[in-house]
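Chemist: coords please:
(one chain, ligands or ions: 1)
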Amino acid sequence: MSPTALTVLPRGGPARSTEADQPAGSAVPHGRAVPPPGERMTSMSLTFPVRTDQLTALRQVIEQADRQTRAHGLAGCHLTRGPVETMPWPDINGVPIGAVASQDVTVTFPLLQFEGWTVIAQVEHDPAAGSVVTALPPYEDEAAGRIAHCDACGERGALTSYLLRHEDGSTMQLGTTCAGPYANLPVAVLGDLWRLIRWCTTVEPYEPGEVPPDLRLHVDQVLEYAVALTVQAGYVKRGEGWTTAEQVRALLLGGAGREVLGQLYEHLRAAGDVAATAAAVRDWCRRGVTAASDYRRKLARAAAHDAAPRDIGLLVSAVPMYLREAQRQLKAKDRESITATVTEVSPLASEWGERRRIRFTDGAGRLYAWDSMTKPFPDEGQRLRVTGRVVRNALREGKVETYLTRCRVAPA
Ligand SMILES: [Zn+2]
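Modeler: Have a look, this model is predicted:
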């Protein structure tokens, strides 16, 4: 991302490396002085957004450049930070899945000058890319496409050179070994200063597939994915294969192949709108804040605000827990709607015609039964959307089994 603002400071800008916090809510000054006419610009400021976790790396390149510039009698390098803001974090498809802390920073550094010349770009030979140009933002177009060479000694090819621009608009390039003797430019300052400038002009607050350490995920988004996959594909716990938690993580943060992801998106589409169920799971999690169970209290904490990526597994595990809990709470005449697989079709004694007991299991492992006279009877293994009225809950092999009546069924 290119710096969003750029200011040139007059001689006598910040002389020491200092760092200042802007009070929250105040505007970021983009370098406060415009030089009087005729006075030469000796410093430059770049303002751009970074994630808060990227500040450590920025401070390191600033400190290194600052040591070198001050050791050579130049002004220091200086960082000013704007107020911390919340930057939305999208997934690879642009869907907002969370947020990270970010802020606008302004980096001020001295310009390297020599008798009317100013260093405006670094041109580096790269065996793979040819020449890599890092230019001060006002001169990007002017420096684009330059090939590394040295006008002083005529060297070309594998070298690092610097592009200088004279006040009269003419340009020249000097290789690292000639910059000192020819233009009195200290090589160590050039290297460290340009490392800083490259950092500032190429830093990206957002990279697809990256997981910043302070990324916080929207709990509702995590739970919607978890509900959709549980309902549609069945909950997969640890030890049973690619777990539902890992699938949700792949949807949110990437790290899975295109084909596999395509399959997951297929499940999401097929599951339809699960926002209401996800909201019910979230509320159930939050109600556990005073629960006796350590697990429920942990869930309540994870679901209270945006969640850390390490909490994905915990949150996803709440979905089958909630669904089984919701099943236990069912009462006669409640309306229940599930997507389930037929596990058994067995004949029942009947005085009025053919009757079958049809048993289902849903994605959360819940058991349902329906004594049906509705033909055609389904086959074992069929996946159906079933909507009916609750008759009663019974216990079967240690699990709750819900008997339904007057069911409407449709292929899932
Ligand atoms: Zn040279």
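Chemist: show me where the stretch 101-250 of the chain has helices.
Modeler: Secondary structure of the stretch 101-250 of the chain by DSSP state H, counting those that start in this stretch: the helices cover 140-143, 176-183, 187-202, 219-233, 244-253.
Chemist: so how far is the helix or strand following the last one off the chain centroid?
Modeler: Tracing the chain past helix 244-253, the next element assigned as helix or strand by DSSP states H and E is helix 258-271. Per Cα atoms, centre = their mean, to the nearest Å, the displacement of helix 258-271 from the mean C-alpha position of its chain is 20 Å.
Chemist: quick one on the thing from earlier: tell me which of the helices of the stretch 101-250 of the chain lies nearest to residue 75.
Modeler: Of all these, it is helix 187-202 that lies closest to residue 75, at 11.3 Å by Cβ to Cβ. C-beta: built from backbone N, CA, C; applies to glycine.
Chemist: Now do the same contact list for residue 366.
Modeler: If you count contacts by Cβ atoms under 8 Å, 6 or more residues apart in numbering, residue 366 has them with 323-324, 327, 338, 340, 399-400, 402.
Chemist: Just the buried residues of those residues.
Modeler: 323, 327, 338, 340, 402 (16 or more other Cβ atoms under 10 Å).
Chemist: Which strand or helix spans the third one?
Modeler: Taking DSSP H and E as the definition, residue 338 sits inside strand 335-347.
Chemist: Buried residues in that strand, which are they?
Modeler: Buried residues in strand 335-347, counted by 16+ other Cβ under 10 Å: 336, 338-342.
Chemist: I'd like the helices of the stretch 101-250 of the chain laid out as a markdown table, including mean pLDDT and mean neighbour count.
Modeler: Conversion of these to a markdown table gives the following (pLDDT from 0 to 100; neighbours: other Cβ atoms under 10 Å):
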| stretch | mean pLDDT | mean neighbour count |
| --- | --- | --- |
| helix 140-143 | 94 | 14 |
| helix 176-183 | 94 | 18 |
| helix 187-202 | 96 | 19 |
| helix 219-233 | 97 | 24 |
| helix 244-253 | 96 | 22 |
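Chemist: Residue 211: neighbour count?
Modeler: Neighbours of residue 211 under the rule other Cβ atoms under 10 Å: 14.
Chemist: Got phi/psi on it?
Modeler: Main-chain dihedrals, residue 211, degrees, to the nearest 10: phi -120, psi 90.
Chemist: Tell me if I'm right that it and residue 253 touch.
Modeler: Yes: in this structure residue 211 lies within contact range of residue 253 using Cβ atoms under 8 Å: 5.3 Å.
Chemist: who touches both of these two?
Modeler: residue 309.
Chemist: packing partners for the strand holding residue 338?
Modeler: Contacts defined by 3 or more Cβ pairs under 8 Å, 6 or more residues apart in numbering; DSSP states H and E place strand 335-347 against strand 356-362, strand 367-372, strand 383-396.
Chemist: I'd like to know which of these lies nearest to the ion.
Modeler: Closest of those to the ion is strand 383-396, at 73.5 Å (criterion: Cβ to the ion).
Chemist: Report the contact partners of residue 187.
Modeler: Residue 187 neighbours (Cβ under 8 Å, 6+ apart): 176-177, 179-180.
Chemist: now, among these, which is nearest to the ion?
Modeler: residue 177 (5.7 Å).
Chemist: which residue sits closest to the residue most central in space within the chain, ignoring its sequence neighbours?
Modeler: The centroid of the chain falls nearest to residue 89 when counting by Cα atoms, centre = their mean (4.7 Å). Distances taken as Cβ to Cβ, 6 or more residues apart in numbering place residue 98 nearest to residue 89, at 4.6 Å, with adjacent residues excluded.
Chemist: coming back round to it: which residues touch the strand holding residue 338?
Modeler: Under Cβ under 8 Å, 6+ apart, the answer for strand 335-347 is 231-232, 271, 330, 354-363, 366, 368, 377-390, 402, 404, 412.
Chemist: That strand: how far from the chain's middle?
Modeler: The answer for strand 335-347 is 39 Å, by Cα atoms, centre = their mean.
Chemist: tell me the mean pLDDT over that strand?
Modeler: The average of the pLDDT scores along strand 335-347 is 96.
Chemist: Each with direction, which strands does it pair with?
Modeler: strand 356-362 (antiparallel), strand 383-396 (antiparallel) (DSSP bridges).
Chemist: what does the longest one contact?
Modeler: In other words, strand 383-396. 327-328, 330-342, 360, 367-370, 378, 400-412.
Chemist: follow-up on the earlier one: same list (the buried residues of strand 335-347) but as TSV, adding distance to residue 146.
Modeler: Listed next are the buried residues of strand 335-347 as TSV, based on distance: Cβ to Cβ, whole Å:
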residue	distance to residue 146
336	70
338	66
339	62
340	66
341	65
342	70
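Chemist: Looking at these, which is nearest the ion?
Modeler: residue 339 (72.6 Å).
Chemist: bridging residues for the closest one?
Modeler: According to DSSP bridges, beta-bridge pairing links residue 339 with residue 385.
Chemist: From residue 333, how far off is it?
Modeler: According to Cβ to Cβ, to the nearest Å, residue 339 stands 22 Å off from residue 333.
Chemist: what do you get for residue 361?
Modeler: Taking Cβ to Cβ, one finds residue 361 at 23 Å from residue 333.
Chemist: between these two, who's got more neighbours?
Modeler: For the pair residue 361 and residue 333, the greater number of neighbours falls to residue 361 (18 against 9), based on other Cβ under 10 Å.
Chemist: list the contacts for that one?
Modeler: Per Cβ under 8 Å, 6+ apart, neighbours of residue 361: 340-341, 343, 367-368.
Chemist: Of all pairs in these, which one is the farthest apart?
Modeler: Farthest apart among those - using Cβ to Cβ - are 341 and 367, which lie 11.2 Å from each other.
Chemist: Now the common contact residues for the two.
Modeler: 360-361.
Chemist: between the contacts of residue 366, which is closest to the ion?
Modeler: So of the contacts of residue 366, ranked by how close each gets to the ion (Cβ to the ion), first place is residue 323, at 72.4 Å.
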